[in-house]
Structures are given as structure tokens and as C-alpha cells.
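**Student:** Provide a 3D model corresponding to the input given below.
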Amino acid sequence: MGLELTDDALHWACMQADGSLQSGSAGAGQTLESLVNEQGVGGARARVVLGPDQYQIFQAERPNVEPGELADAVRWKLGDLLDYPASEAVIDTFPFPEDASRDRGALINAVCAHQDRIRSIVERIHEAGLELECIDIAELALRNLLARADPEGRGAALVHLGRQSGHVIFCRGEVLYMARRLDVSQAQLRDATTQEQTVQDLALEIQRSLDYYESQLRQIPPSRVQLAGHPEALPLAGMLNSEVTAEVVDLDWSAMLSGVTPAPGTGLAVATLLADDEGAR
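**Tutor:** From the prediction side, this is the model:
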């Protein structure tokens, strides 16, 4: 079961024994325990993706230590960057591509979340009768999804829009090269008074990301940018194509999920299911 737990909603996706996928959303009034009982998935393995306001990502010089010691080694570097003591942080790391370091030496990505928040999520999962397998972040969950669209590792880009914000990510195969958060929401796109300006702002952010990927990370930009999470009735890809140098296309969920299209708004929950054991955090 893949879960995105926010303050006002539950987004879920469940892989059935026959390989089929079910997904949906529930409001804050429904508890995770009641959702598990309703779906009959007690005892299922759960993979959780954190919301954007539940963690932070920093880049730091990679300490010359063994991989298992990286999290503790970078902890002292983050003391001035967190708004709580570094001793209260849960920290994990994932690689930064060597060919994109811009002569800055070896870098590492450090993910930080307050231990109380992580503890609360763990307790919530266990109380609902699920077996917690991993806690992931949006950038890596989307990486898992995009990797399926780039099996040869040539490079791919994805823009995913959520209820309050979005992400744009660039990958080559399973390697995450770049991830940016976007201050664009589904509500802004649905509102006729803000829609036109929001589309222009989104197009500008996508183009800036493509330019940065090429000029600063020294990578060949992908010819297509895939788009997911936007309101279904809005032809957003077509609206963006005249403003972006790359072709913007809707993400073909059915091609990635063997003919299944997930319920609207559950993209991160679905993406979390696609993590392999090595990539799970």
C-alpha cells in the first residue's frame, strides 16, 4: 500500500495480489485505520511518502566516510540550516551525480525531518494494522515513476502538480539529477481568475529548469517534458507547448502501470509503490 499522508487528506494506492491497482483519496475526517478496514488490507506492507512541508533537502560536500556513516557525518554540517536542533533530526542521504557537480567536488543530498514527525507517522501506520516498509520523499517517489519512462537512461523530465504545490524533476534512468519545487497548485489552475497567469508562471519555471539542466548541470535536456497531476479537464500540455522549447505531453499512466490509470490526485501514492528495496528510504 502506498500512502501520502497530509494534514487534510489521505491519498492511497494498493497493489492487489493479482497485480491490479486500486487508488483513491479520503478527507481528514476518515482515519487511516478505518480506511484500512474499509479496503480490507490489514497487515499489508506500507510505503509512505512525506508531504513537501514535512522534510527538507540540502546539498553538502560528501564526507570521506563509508556509506553507512554518511548520515551521521553530514549532521554537524546542517546545524545552522535547520530550525530545530540537528540532534532532533532524522537524516538520510542519496547521491548527487558526479557528472553534474560543476567542479564543486563530490556532493551528497541530505534529507532531514524532525524525529517527532517521523515517530508520529510510524505510530499511525502501526495503529492502523499495517507493516511499515519505508518512508520516502516526493522527489525519489517521482524518480521511481519516471525511471519507467526512461529505461535506457537517456534522460527524462516530469512535472507533477499537487493540491498545494508541485515538483519538476530530471532523471537519467534511476539517477535523480535535479528536483525543484513549484509554487503552482491545482486550485490556481482551476480558478478562471488565476489560470492564465498560473500557466505562464508554470511555463517559465519549466523553461528555466530546462536551461539550468543544460547550462549548469551540463546535461543534454530531454526533448519531452511529461506532465501529471493537473486537473483532468484542463488541456494543460497544449497550453504550455507554445511557451516551452521541449514538447510537453501528458504522462501515460496506463503505459507504466499495465493499462491502469490511477484515481486523480493519487500520483505520489502510486509512485511510492514503485520503489525497489535499494531505493527505499
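**Student:** Which parts of this structure belong to which domain?
**Tutor:** Per the record, the chain has its domains at 1-149+274-281, 150-250, by automatic domain parsing.
**Student:** Distance of the closest residue to residue 216 other than its chain neighbours relative to residue 59?
**Tutor:** Once flanking residues are discounted, residue 216 sits nearest to residue 102: 6.2 Å by Cβ to Cβ, 6 or more residues apart in numbering. Using the backbone N, CA and C atoms, a C-beta is placed for each residue, glycine as well. To residue 59, residue 102 is 11 Å away according to Cβ to Cβ, to the nearest Å.
**Student:** Give me the common contacts of the two.
**Tutor:** Here residue 102 and residue 59 share no contacting residue, scored by Cβ atoms under 8 Å, 6 or more residues apart in numbering.
**Student:** The spatially most central residue of the chain and residue 12: what is the separation?
**Tutor:** Residue closest to the average C-alpha location in the chain (Cα atoms, centre = their mean): residue 138, at 2.0 Å. Per Cβ to Cβ, residue 138 is found 15 Å from residue 12.
**Student:** same question, residue 266
**Tutor:** From residue 266 across to residue 12, the span is 7 Å (Cβ to Cβ).
**Student:** quick one: which of those two has more around it?
**Tutor:** Counted by other Cβ atoms under 10 Å, residue 266 and residue 12 do not tie: residue 12 has more neighbours, with 26 against 22.
**Student:** hang on, the earlier thing: which neighbours do residue 266 and residue 12 share?
**Tutor:** Residues touching both residue 266 and residue 12 (Cβ under 8 Å, 6+ apart) are 4, 23, 24, 25.
**Student:** Could you identify which of these has the most neighbours?
**Tutor:** residue 4 (26 neighbours).
**Student:** The closest residue in space to that residue that isn't next to it in sequence bridge partners, please.
**Tutor:** Nearest-residue entry for residue 4: residue 11, 4.1 Å, with adjacent residues in sequence omitted and distances by Cβ to Cβ, 6+ apart. Per DSSP bridges, the residues bridged to residue 11 are residue 4, residue 25.
**Student:** what are the ranges of the strands in the stretch 151-281 of the chain?
**Tutor:** Taking DSSP state E, counting those that start in this stretch, the strands of the stretch 151-281 of the chain run over residues 156-161, 166-172, 175-182, 224-228, 247-250.
**Student:** In a markdown table: these, plus mean pLDDT.
**Tutor:** Below are the strands of the stretch 151-281 of the chain laid out as a markdown table (pLDDT from 0 to 100):
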| stretch | mean pLDDT |
| --- | --- |
| strand 156-161 | 95 |
| strand 166-172 | 95 |
| strand 175-182 | 94 |
| strand 224-228 | 94 |
| strand 247-250 | 95 |
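**Student:** Pick the most buried one from those.
**Tutor:** Between the strands of the stretch 151-281 of the chain, strand 156-161 has the highest mean count of neighbours, a mean of 26, where neighbours are mean count of other Cβ atoms under 10 Å.
**Student:** which strands and helices sit next to it?
**Tutor:** In terms of contacts (3 or more Cβ pairs under 8 Å, 6 or more residues apart in numbering; DSSP states H and E), strand 156-161 is packed against helix 138-147, strand 166-172, helix 195-215, strand 224-228.
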